[in-house]
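Undergrad: How does the following fold in three dimensions:
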Amino acid sequence: MANHSQNGVSRVHHHPDYYLKDGNITFLVEDTLFRVHRHFFECESQFFIKEFAKAPRDGTSDSSAFRLEQVTSANFEKLLWVWYNRTYRRERMPKDHWLVILDLSTIWQFPEMKKLAVDELQNIDIEPVEKITTYDKYEIDKSLLLPAFKLLCKRPSRMSTEEGEQLKMHTVLGIHEARERAIRSAAEGGCRSPTSADADDEELERILNDVFNLTPNMHTTNRQDTQPQGKKEVPIIKTPKSGANGATSNGATGTSSASGPVRKVFQLSMRCVAY
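TA: Predicted coordinates for the structure are as follows:
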């Protein structure tokens, strides 16, 4: 369906891939209508289970679609892709794709999808500082950061000022301590003019485990009620005001005015990750 405008007001259109004939829940994201399957949202997300229960008749048509605020249609499409990917083999997607899924699955409390995003990010080459800040933000198991910490300790140069500003102070101090201990260990092993890169791998891992307490913590990794740091609590739901003309839909095409009343709003008050 084409995206029309009338008197300068944008008209919504159906998503070409995710407006399904047999769908039973409709969302409006920006100017795009998605009609998908309620089951996926209710099978693990306590957030959506509660919100659907508050308005059991909403989302059943274009004119009563649940509106998702502060999320783009392109990012919502990435979330749906996890369920509706048409290939049997999961294709390799770039880092930014999985960062979006990690963000939304955390906010909307999809623990299994969050674990999938983490598993995929583990297979992608990410700069150590970015990986540490991302995993810290989403409270992901710190033990998965051992390779990133090792890279920072083994490289010849210390962290730059810009890198240090991205990390928390205790992380910066911890890396400094680990580098110093690695140098002492290498010196005690007989290395002349040692650097932190000269320390034995096994010894460096022991040092990092000690400094950062990198004991695997599945509870932290799998928490489904965790909001990213710096974001507000569970998004606020409110009913938007009606448009001036009160029109909600076009009976001939089934499209809805983007400015018309959509009965429920998922208000996502979240800080965006820089992708």
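Undergrad: looking at it, Thr171 is touching Val129, isn't it?
TA: No - judged on Cβ atoms under 8 Å, Thr171 makes no contact with Val129 at a distance of 9.3 Å. Just so you know, the C-beta spots here come from the backbone N, C-alpha and C atoms, and that holds for glycine as well.
Undergrad: shared neighbours, those two?
TA: Common contact partners of Thr171 and Val129 (Cβ atoms under 8 Å, 6 or more residues apart in numbering): none.
Undergrad: Kindly list the longest strand within the protein.
TA: Using DSSP state E to define each element, the chain has its longest strand at strand 13-19.
Undergrad: Can you pull the domain assignment for the protein?
TA: 1-91+227-275, 142-216 (automatic domain parsing).
Undergrad: what does the average pLDDT come to for the last one?
TA: What that stands for is domain 142-216. Domain 142-216 shows a mean pLDDT of 93.
Undergrad: ok so, going back, immediately after the longest strand of the chain, which helix or strand?
TA: Downstream of strand 13-19, the next assigned helix or strand under DSSP states H and E is strand 25-29.
Undergrad: what lines up beside that following strand in the sheet?
TA: Applying DSSP bridges, strand 25-29 is found paired with strand 32-36 (antiparallel), strand 66-69 (parallel).
Undergrad: what's the nearest residue to Arg38 if we skip its chain neighbours?
TA: Leaving out its chain neighbours, the residue that sits closest to Arg38 by Cβ to Cβ, 6 or more residues apart in numbering is Ile25, at 4.0 Å.
Undergrad: My understanding was that the one you found contacts Glu42; is that so?
TA: No - Ile25 lies out of contact with Glu42 (Cβ under 8 Å); the separation is 9.1 Å.
Undergrad: Tell me which of the two has more neighbours.
TA: Ile25 (20 against 14; other Cβ atoms under 10 Å).
Undergrad: doesn't Val211 make contact with Lys142?
TA: No - judged on Cβ under 8 Å, Lys142 makes no contact with Val211 at a distance of 11.2 Å.
Undergrad: Helix or strand: which one has Ser105?
TA: helix 95-107.
Undergrad: What is the helix or strand that comes right after that helix packed up against?
TA: With elements assigned by DSSP H and E, the helix or strand that comes after helix 95-107 is helix 111-122. Here helix 111-122 touches helix 73-84, helix 95-107, helix 218-222, going by 3 or more Cβ pairs under 8 Å, 6 or more residues apart in numbering; DSSP states H and E.
Undergrad: What ranges does the protein have for its strands?
TA: Using DSSP E, strands in the chain cover 5-6, 9-10, 13-19, 25-29, 32-36, 66-69, 236-238, 264-267.
Undergrad: and these, which one's lowest on average pLDDT?
TA: Looking at these, the bottom one is strand 236-238 with a mean of 36.
Undergrad: what's the burial count for Tyr135?
TA: Other residues lying near Tyr135 total 20 when counted by other Cβ under 10 Å.
Undergrad: how close does the residue nearest to Arg38 get to Leu104?
TA: 16 Å (Cβ to Cβ, to the nearest Å).
Undergrad: Same question for Lys114.
TA: 9 Å.
Undergrad: Against which helices or strands is the longest strand of the chain packed?
TA: strand 32-36, helix 73-84.
Undergrad: As PDB, could you dump the C-alpha coordinates of that strand?
TA: The C-alpha coordinates for strand 13-19 follow below in PDB (Å, rounded to 0.1, in the frame of the first residue of the first chain):
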ATOM      1  CA  HIS A  13       0.800   2.000   5.100                       C
ATOM      2  CA  HIS A  14       1.100  -1.700   5.600                       C
ATOM      3  CA  HIS A  15       4.600  -3.200   6.000                       C
ATOM      4  CA  PRO A  16       5.400  -5.200   2.800                       C
ATOM      5  CA  ASP A  17       6.600  -8.300   4.800                       C
ATOM      6  CA  TYR A  18       5.200  -8.000   8.200                       C
ATOM      7  CA  TYR A  19       1.500  -7.300   7.600                       C
END
